[in-house]
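**Q** have a look; sequence and predicted model below, questions after that.
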Amino acid sequence: MKKNSLLNIVLFLCNIGKIACIFTFFILCAAIIISKTEPLSHSVMDVFYKSIEKEGSFRYLKNSKIIDSETNITPADSEVYTMEKLTNTSLIFNFLQESILLFLVFLCINELRKVIRSVKTITTFQQQNVLSFRSIGKYMIYYFLLNSITYYGFEQGNKTGFYLEFTSLIITLFAYILAEIFKEGNRLAEENSLTV
Amino acid sequence: MAIIVNLDVMMARRKMSLSELSEKVGISLANLSILKNNKAKAMRFTTLNAICKVLDCQPADILAFSEET
């Protein structure tokens, strides 16, 4: 495969990724509006409830419930952790969290696109690419930190905890290593251009 | 940089302009200007050879070492 064909494919994929981010954001907005205007059916709630439980096994979720003071009975999980009892604060928090994560992914794709474009125009080793890789690293650190917070607030309790996704940290490491490689490449390219 | 290029001194002694030297040596005016202004990071032996030949001088007449960086 020719170098330019491969780069064109990557550029195309980057464009698709950016569109997918925007599209997902609109879907997210629509989901929030629908969840507030129309009560969700039991089947959807069950799926959501199961997804929380599934995530709980690796997310380090801590459950807390408000015990009825009169009867002193702890309500069952299926009664407390339901979609319709999700608080507005939790909903807004999760919406903002997902939106910012999407925005960070969007920025990363944008930076990657800039690098690919510079490779295509044979200006690979330039300072801008070093900055781009550093930015990707920085965004992925933010992604890791923001993604680690898990909060689901319900009327009678909540699920909070941490979720450590190491993929974003590995990407951060690679981005910073690539930034250093490109920095060295930039230095060599500069030296080469100043050799008479 | 510790190495100083005294190309302008030699050119003045030989009463030669930068464009004339560029033509005779076969180096672009831009590259010769980089060399003259001490902006160059490295110099090829072929370039040094050509300049010395045209200016009828020794490499030491063009290059000098200074302690100051």
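**A** On my side now, so go ahead.
**Q** rounded mean pLDDT for stretch A:124-134, please.
**A** Here stretch A:124-134 scores 93 as its mean pLDDT.
**Q** can that stretch be said to contact chain B?
**A** No: legend: contact between stretch A:124-134 and chain B by Cβ under 8 Å from any Cβ of the partner chain is lacking; minimum distance shown is 14.8 Å. Quick note: C-beta positions are derived from backbone N, CA and C, even for glycine.
**Q** how about the residues of chain B by chain A?
**A** Residues of chain B lying near chain A (Cβ under 8 Å from any Cβ): B:27, B:31, B:32, B:34, B:35, B:39, B:40, B:41, B:42, B:43, B:44, B:47.
**Q** show me the contacts for the fourth one.
**A** Looking back up the chat, that one is residue B:34. By Cβ atoms under 8 Å, 6 or more residues apart in numbering or on different chains, the contact list for residue B:34 reads A:194, A:196, B:40.
**Q** same deal with the last one?
**A** For residue B:47, the contacting residues are A:196, B:25, B:27, B:35, by Cβ under 8 Å, 6+ apart.
**Q** how deep is the closest residue to residue A:165 other than its chain neighbours tucked in, by neighbour count?
**A** In this structure, residue A:165 finds its nearest non-sequential neighbour in residue A:147, 5.5 Å apart by Cβ to Cβ, 6 or more residues apart in numbering or on different chains. Neighbourhood size, residue A:147 [other Cβ atoms under 10 Å in any protein chain shown]: 20.
**Q** so residue A:147, which state does it fall into?
**A** Per DSSP: H, G, I helix; E, B strand; the rest coil, the secondary structure class of residue A:147 is helix.
**Q** mind telling me what element residue A:104 is part of?
**A** Under the criterion of DSSP states H and E, residue A:104 resides in helix A:88-120.
**Q** for that helix, packing partners?
**A** If contacts are counted by 3 or more Cβ pairs under 8 Å, 6 or more residues apart in numbering or on different chains; DSSP states H and E, helix A:88-120 sits against helix A:3-37, helix A:127-148, strand A:149-154.
**Q** re the thing from before, separation between the residue nearest to residue A:165 and chain B?
**A** From residue A:147 across to chain B, the span is 44 Å (Cβ to the nearest Cβ, to the nearest Å).
**Q** need the contact list for that residue.
**A** Applying Cβ under 8 Å, 6+ apart to residue A:147 gives the contacts A:97, A:101, A:163, A:165, A:168.
**Q** my guess is the last one contacts residue A:146. True?
**A** No: the pair residue A:168 and residue A:146 fails to qualify as a contact (Cβ atoms under 8 Å) at a distance of 9.7 Å.
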